[in-house]
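1. Okay, structure incoming, though there's no sequence with it:
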């Protein structure tokens, strides 16, 4: 493995990256709380990686974008961002989280909500023939009608930007009301929660305007969000020369051996609903691929590694010798899975540089993430997350 002595600046950078990787604070700040996307990584970690490995104007790539944490932090710090995810909910949420609003937008959204709450839920007509009814499974009738009414009235907002934002406020409130809740709230509590959520989210989106990079306008040249798999990304026509090579690949790929509900909620126990797709206006077109690069059912660790290698091949082709890849990766069985995972990275042309970018005090940086739960296929029970920090660059 190629190594060199570390400069004082690199030593300072490594200390910040190590500390940030082990931060256990709650996700907060900017627009990060717009939606609780599963398996999010800490904004503090993303911020440290971006600050220590890039300069303003350079490109950050996240090929498994998820909830858009790296997107928000990259743009807030004046970097250009390329985000990729096969799940349309990820693309939707990341788009809304990186779109600032004006005070005029805030006024229009407030008026929309007030008009929508004015009609009692029993007076909202039940839609008999709706292409989204299949996504209403396990959603109580009163919340189904209220959500549909909010979605219908949001179409009166004058721009797509505002309509997407309105949908995201509904998405966040519905997740609070439905996901993992043994009891479902009545309509008036849902409306009260939505109003509170709306104004909190408006405040966060308006505050983006105070950040220099957002205030300059022209998001089209600052971010590129793609709803597609990472495999074959190097041949993506929208990814023109102005968007590559990335200086930093910052990501947290799907975890091997771990089943995470990236695209569904669980209502009153483990009754799954596809309501997030209905609310965001996207069809659930690739359900198996939203689970650990395959279906939720065991296919073997080798199948995961094959999928990972295909995605990494495409990512490596976008990098250059100055590019750095920083990952936080979780494992269901670290002692058995970490070695093959690292071997897969090496097989596609990546070399680990822990000794170069991280201090010598710790051979490897692990973190236990509080309040994150998933279904482990082998144990069939809920376990806390254990992640490792990995730093790679192209082989020299």
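-> That came through, no problem. Computed from a predicted model, the values in this text were never measured in an experiment.
2. Could I get the average pLDDT for the helix or strand that contains residue 107?
-> In this structure, residue 107 sits in helix 103-117 according to DSSP states H and E. Mean pLDDT, helix 103-117: 96.
3. Can you name every helix or strand that that helix contacts?
-> With contacts defined as 3 or more C-beta pairs under 8 Å, 6 or more residues apart in numbering; DSSP states H and E, the secondary structure elements packing on helix 103-117 are helix 141-154, helix 160-178, helix 187-207. C-beta here means a position set from N, CA and C on the backbone, and glycine is covered the same way.
4. got a list of what the residue lying closest to residue 282 once chain neighbours are set aside touches?
-> What sits nearest to residue 282 in space, not counting adjacent residues and going by C-beta to C-beta, 6 or more residues apart in numbering, is residue 88, at 3.9 Å. In this structure, residue 88 makes contact with 227, 277, 280, 282, 283, 285, judged by C-beta atoms under 8 Å, 6 or more residues apart in numbering.
5. Show the buried residues in the residues you listed.
-> For these, a neighbour count by 16 or more other C-beta atoms under 10 Å gives the buried set as 227, 277, 280, 282.
6. got a list of what the last one touches?
-> Neighbour list for residue 282: 88, 89, 92 [criterion: C-beta under 8 Å, 6+ apart].
7. which residues does the second one contact?
-> Right, the one you point to is residue 89. Applying C-beta under 8 Å, 6+ apart, the residues contacting residue 89 are 37, 262, 263, 276, 277, 280, 282.
8. what's the answer for residue 35, then?
-> Residue 35 makes contact with 67, 93, 97, 168, 171, 172, 175 under the criterion C-beta under 8 Å, 6+ apart.
9. mind checking how far the residue nearest to it when sequence neighbours are not counted is from residue 191?
-> Nearest residue to residue 35, sequence neighbours excluded (C-beta to C-beta, 6+ apart): residue 93, at 4.8 Å. With distances taken as C-beta to C-beta, to the nearest Å, residue 93 is found 22 Å from residue 191.
10. And for residue 115?
-> Taking C-beta to C-beta as the criterion, residue 115 is separated from residue 191 by 12 Å.
11. So between these two, which is more surrounded?
-> Remark: of residue 115 and residue 191, residue 191 carries more neighbours, 19 against 11, as counted by other C-beta atoms under 10 Å.
12. Determine the number of other residues adjacent to the closest residue to the more buried one other than its chain neighbours.
-> If the residues on either side of it in the chain are set aside, residue 191 comes closest to residue 117, at 4.9 Å by C-beta to C-beta, 6+ apart. Applying other C-beta under 10 Å, we find 20 other residues in the vicinity of residue 117.
13. and if you look at the one 3 residues further on?
-> For residue 120, the number of neighbouring residues by other C-beta under 10 Å comes to 10.
14. Mean pLDDT per helix and strand in the chain: which one sits at the bottom?
-> Within the chain, judged by mean pLDDT, DSSP states H and E, the helix or strand with the poorest mean is helix 354-357; its value is a mean of 52.
15. Of the contacts of residue 35, which pair is most distant in space?
-> Put simply, by C-beta to C-beta the two of the contacts of residue 35 set farthest apart are 97 and 175, 14.6 Å from each other.
16. more neighbours, the two?
-> For residue 97 and residue 175, the more surrounded residue by other C-beta under 10 Å is residue 97, and the numbers stand at 26 against 19.
17. Show me where this structure has its strands.
-> Defined through DSSP state E, the strands belonging to the chain, from first to last, are 59-62, 80-85, 223-227, 248-251, 258-259, 265-267, 271-273, 324-330, 350-352, 366-376, 382-394.
18. Any chance of CSV for these, columns distance to residue 161 and mean pLDDT?
-> Written out in CSV, the entries for the strands of the chain read as follows (distance: least, C-beta to C-beta, whole Å; pLDDT from 0 to 100):
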stretch, distance to residue 161, mean pLDDT
strand 59-62, 22, 98
strand 80-85, 18, 97
strand 223-227, 14, 97
strand 248-251, 26, 97
strand 258-259, 35, 72
strand 265-267, 26, 90
strand 271-273, 27, 89
strand 324-330, 31, 92
strand 350-352, 38, 94
strand 366-376, 31, 56
strand 382-394, 34, 77
